[in-house]
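S.K.: Kindly return the folded structure for what I paste below:
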Amino acid sequence: MTKRPRVAASAAVIGMLMAGFQAVGIGVGTAAADDVKPSVPPGTEPSAAAPVPIDSKAPGLKIPQGGTLAPVKVLDIAEVVEDLGGEQRRQETNQTVMMALQSEVLFPENSAVFNAAAAARIQAIAQEINTQKAVRIRVFGFTDDQGSYEHGQVLSKQRADAVQAELAKTVTVPGVVYDVRGYSEDYPIADNGTEEGRKKNRRVEITFPRSTGTGTGTGTGAITGG
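M.R.: This next block holds a predicted model:
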């Protein structure tokens with residue numbers, strides 16, 4: 001099988017990105033279900049406070065007379081890389097790594113049972129989690145808008161559960177906590193009006209924090225006054 005080359009899809013500045021992981025329960029290999037849906041798409045929660053204080057009266061800011069400093073925002077530079085077929089996408093900031101796998105590379109149509117190649121892909125991600133020593137892992141499933149919302153919710157959760165169970169076989173980080181959720185057609189990343197877009201929306205995302213001193217070095221943070 002010919003290995004597809006990887007290409008850089010885009011590099012974007014994303015404000016207030018992936019700051020906190022809201023996991024439920026503490027323990028070795030704990031998996032938490034989605035009891036309460038977030039009010040914003042997962043991965044876009046408000047960032048932590050700015051790492052350095054900003055003095056609105058500092059002369060170096062050169063604020064016009066009568067002007068005021070807008071609330072400080074923390075910006076992360078995110079690099080997104082996907083393979084040529086879009087089957088696997090990696091989004092990395094200075095805080096987190098997110099791996100998105102299209103459902104077609106893991107499962108048969110309308111199924112949560114792995115195909116023959118799925119385990120190897122997930123085990124490779126698990127090995128990186130071990131390298132990063134990540135203790136909080138989010139596994140979120142998504143579908144397109146075809147069929148009923150309720151069916152998509154069940155299927156996306158079943159697929160997220162299957163991925164989490166496979167990760168747990170290889171992840172060896174002590175005290176790891178999993179946050180496992182199924183979102184059905186919520187939070188699409190492409191146009192559901194085309195088959196190409198629906199294919200991208202049918203996915204499982206695995207997100208985990210980066211350890212200091214590891215990773216590619218992309219995602220340098222920036223601070224702005226808005």
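S.K.: all strands of the protein, in order?
M.R.: 6-15, 30-32, 73-83, 88-92, 96-102, 136-142, 177-182, 203-209, 221-224 (DSSP state E).
S.K.: how about the helix ranked longest in the chain: buried residues?
M.R.: The longest helix of the chain (DSSP state H) is helix 149-170. Residues of helix 149-170 classed as buried by neighbour count (16 or more other CB atoms under 10 Å): 152-153, 155-164, 166-168. Using the backbone N, CA and C atoms, a C-beta is placed for each residue, glycine as well.
S.K.: same question, stretch 201-212
M.R.: So stretch 201-212, judged by 16+ other CB under 10 Å, has buried residues N201, R202, R203, V204, E205, I206, T207, F208, P209, R210.
S.K.: Same list, the residues you listed, but as CSV with pLDDT please.
M.R.: Listed next are these as CSV, based on pLDDT from 0 to 100:
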residue, pLDDT
N201, 95
R202, 96
R203, 96
V204, 97
E205, 96
I206, 96
T207, 95
F208, 95
P209, 92
R210, 85
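S.K.: nearest to I189, of those residues?
M.R.: Nearest to I189 among the buried residues of stretch 201-212 is N201, at 6.2 Å by CB to CB.
S.K.: Any regions of this structure where pLDDT drops low?
M.R.: 1-52, 72-78, 84, 212-226 (pLDDT under 70).
S.K.: So what angle separates the directions of the longest helix of the chain and strand 136-142?
M.R.: 150 degrees (axes from the mean of the first three to the mean of the last three CA atoms, to 10 degrees).
S.K.: Remind me what helix 149-170 packs against, helices and strands.
M.R.: strand 30-32, helix 118-132, strand 136-142, strand 177-182, strand 203-209 (3 or more CB pairs under 8 Å, 6 or more residues apart in numbering; DSSP states H and E).
S.K.: For E166, see how far away G175 is.
M.R.: Distance of G175 to E166, given as CB to CB, to the nearest Å: 19 Å.
S.K.: Oh, that last question was meant for P59, not what I typed.
M.R.: From P59 to E166 the distance is 57 Å (CB to CB).
S.K.: same check, this time on S156
M.R.: 16 Å.
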